Structures are given as structure tokens and as C-alpha cells.
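let's see this in three dimensions:
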Amino acid sequence: MLRIADVLLNPKRARRHPFEMVLTVFFYVSLSLLLSYWIFPEYASLFSVFLSVVSCAYVVQGTFIVEEKKELNSESEFSLLKKHARTIKFFLILFIGFILSYLFWVIVLPPEVSLELFSMQGREVENIRSITGSAINPGNFNLIFLNNMRVLVFSLILALFYGAGSIFILVWNASIMGFVIGNLARNVVGLSSLPQIFLKYFIHGIPEMLAYFVIALMGGILFIELIKGDFTKNRIKRTLIDSAILGSVAIILLVAAALIETFISPLI
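Model (predicted):
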């Protein structure tokens, strides 16, 4: 338990030991699902996500603080972006850890319990399918991109005003992806098709989530700077340039994700 606490309370350790981070995520997802089903069974699908967010909020907030300090010590924008890339990798590992954790319980739990624990995720999946369908349709690009932009803006708002609260988008999307992959594997195509299902959803899901991570990092850095009140001219200029680059990268990733989801994912 002490080792788990150390991973969650030390951002540098969490990034150095990704396997331990995944195991820690699995522990807290399992605990969150158990407590939610026990205390609030009718709202377990949302309450479990909330508890999972709380479990990793400290390490994410610590990561934002570390990234904000890097802006002071970086000699060039390129070196700063390289340092940011390591943090984005950390968020990606965190995301995959949540997906694998939710996937495991969707497959292992009895179907009736699984459907109750992931009722809101199931409704969200049905809403997405009713809009986009399962065949290639060029008209879906605008729908997918605009919906993803809405989530991107929401992620930025959460990061700007709540700091680590932006992690909610990561956990919520991981719970949806874990549910849909686990549900398809168990009830539709069989567990042997897991690699194909992973490919179908990861091929567009990873760039989409990377966009949310990038914008959350941007908002988190701004959040820390607003709290510190460091508004010198050079500091503001450096922050604005960094934010503009991060925002542009996030939009480019969203465009790529929407193109892949529109024209490639339906073929898999």
C-alpha cells in the first residue's frame, strides 16, 4: 500500500515506473467500482469514474507543476516541447492503464453487474453509433470533428479552472473504450478478436486522446501560472508561444483522429 501511495503522490516516480502506475490504476479502478456498486448502485457508472479521478488527481496536479517549472528552465521552445512529450507519454500510459482496468472488469463481471456498472457508458456508445453508424460516410467527418472539438474545449475549461480536474475526460473516455471493447469481445465477436477490436478503436482513439492530453497540459500550465501570479513580460510571451504551439498540435491531432475514424476504422 505504501508503494501505491508513493506512485500516486510522486509525479516523477509515476513517470519513471509506468508498469507500477498501471497496477496502481488497476487497484483504484477496482476499488472505485466496488465502492460505487456498494454505496450508489444506481449511479455507479458515474460515481466510479469520479472516484477514479480523485485517486490520480494529486499526481496529475503535481505533473502540471513540474511542467510549469520546465518553462522557466528551458533554453528553447524545441527543448521545452521535447520535455512536454515525456509528460504526454505519461498521460498515455495512464489512459491505457484505465482502459485495461475497465476492460478487465467488463469481461470478468457477470453481464447484469457489468451493464449496471457501465450503464451511462453503454448509453453514450449507443448515441455515438446512432450518429455515425458503422460504414464509411464522408459526411461523418464534420460530426466527429465538431464533437471532438467540443470535448477539447471542455478539457481546456476543466484544466484552466480546476487544474487536475481535466483528468475527468481521460478517465471517462477510458471507461467508455474499456466498456465497448470488453462488451464486443465477450458478447459479439469473442475474446480471440480482442487484438482486432483494439486496433479498430485505438487507431483513432489514441490520436484523439493525445489531443485532449495536450490541451489539458496547456490548460494545466496556465492554471499553475495564474495561481502563482507570475505575469512578467517575458514570462507571458513564453507562455503564449508555448500555448499556441500546444493548441495547434491538439487541433491537428483531432483532425487526424476524425479522418481515421471516418475513413479507416469502419474497414477494420
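
in the chain, which ranges drop under the pLDDT threshold?
Scanning the chain with the threshold set as pLDDT under 70 gives 1-17, 67-68, 70-80, 129-137, 229-234.

pull the longest helix from it.
Counting residues, the longest helix found in the chain (DSSP state H) is helix 194-228.

C-terminal to it, what's the next element?
helix 233-263 (DSSP states H and E).

orientation of that following helix relative to helix 194-228 in degrees?
160 degrees (axes from the mean of the first three to the mean of the last three C-alpha atoms, to 10 degrees).

what packs against the longest helix of the chain?
helix 44-73, helix 77-108, helix 140-162, helix 167-187, helix 233-263 (3 or more C-beta pairs under 8 Å, 6 or more residues apart in numbering; DSSP states H and E). Any C-beta I mention is one placed from the backbone N, CA and C, and that applies to glycine too.

okay, angle between that helix and helix 44-73 too, please.
Using the same axes, to 10 degrees, helix 194-228 lies at 60 degrees relative to helix 44-73.

buried residues in helix 194-228?
194, 197-198, 200-202, 204-225 (16 or more other C-beta atoms under 10 Å).

and P207, how close does it get to K69?
28 Å (C-beta to C-beta, to the nearest Å).

got a list of what M209 touches?
Shown in contact with M209 (C-beta atoms under 8 Å, 6 or more residues apart in numbering): 92, 95, 170, 173.

let's go with 6 Å and repeat that
By C-beta atoms under 6 Å, 6 or more residues apart in numbering, the contact list for M209 reads F95.

for A257, see how far away it is.
Counting by C-beta to C-beta - M209 and A257 are separated by 8 Å.

equivalent analysis for Y162, please.
24 Å.

quick one, which of these two is more surrounded?
Just comparing Y162 and A257: by other C-beta atoms under 10 Å the higher neighbour count belongs to A257, 24 against 16.

with adjacent residues omitted, what lies nearest to the more buried one?
E208 (3.8 Å; C-beta to C-beta, 6 or more residues apart in numbering).

repeat for F26
Per C-beta to C-beta, 6+ apart, closest to F26 is S101, 4.5 Å.

give me every residue that touches the one you found.
25-26, 29.

gap between the spatially most central residue of the chain and G205?
Residue closest to the mean C-alpha point of the chain, counted by C-alpha atoms, centre = their mean, is L170 at 2.2 Å. Counting by C-beta to C-beta, the gap from L170 to G205 is 12 Å.

next: N173.
8 Å.

repeat that for I128.
12 Å.

rewinding a little: could I get the contacts of S101 in a markdown table, plus columns for distance to K237, secondary structure and neighbour count?
Below are the contacts of S101 laid out as a markdown table (distance: C-beta to C-beta, whole Å; DSSP: H, G, I helix; E, B strand; the rest coil; neighbours: other C-beta atoms under 10 Å):
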| residue | distance to K237 | secondary structure | neighbour count |
| --- | --- | --- | --- |
| V25 | 37 | helix | 27 |
| F26 | 43 | helix | 17 |
| V29 | 41 | helix | 28 |
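
so which of those residues comes closest to V59?
Nearest to V59 among those is V25, at 10.4 Å by C-beta to C-beta.

ok, I252 - how many residues close by?
Count around I252 with other C-beta under 10 Å applied: 13.

likewise for I181?
Neighbours around I181, by other C-beta under 10 Å: 24.

how about the one 3 residues further on?
Burial of L184, expressed as a neighbour count using other C-beta under 10 Å, amounts to 19.

the closest residue to it other than its chain neighbours: what's it in contact with?
Of all residues not flanking L184 in the chain, I197 sits nearest, at 5.4 Å (C-beta to C-beta, 6+ apart). The contact partners of I197, by C-beta under 6 Å, 6+ apart, come to 181, 184-185.
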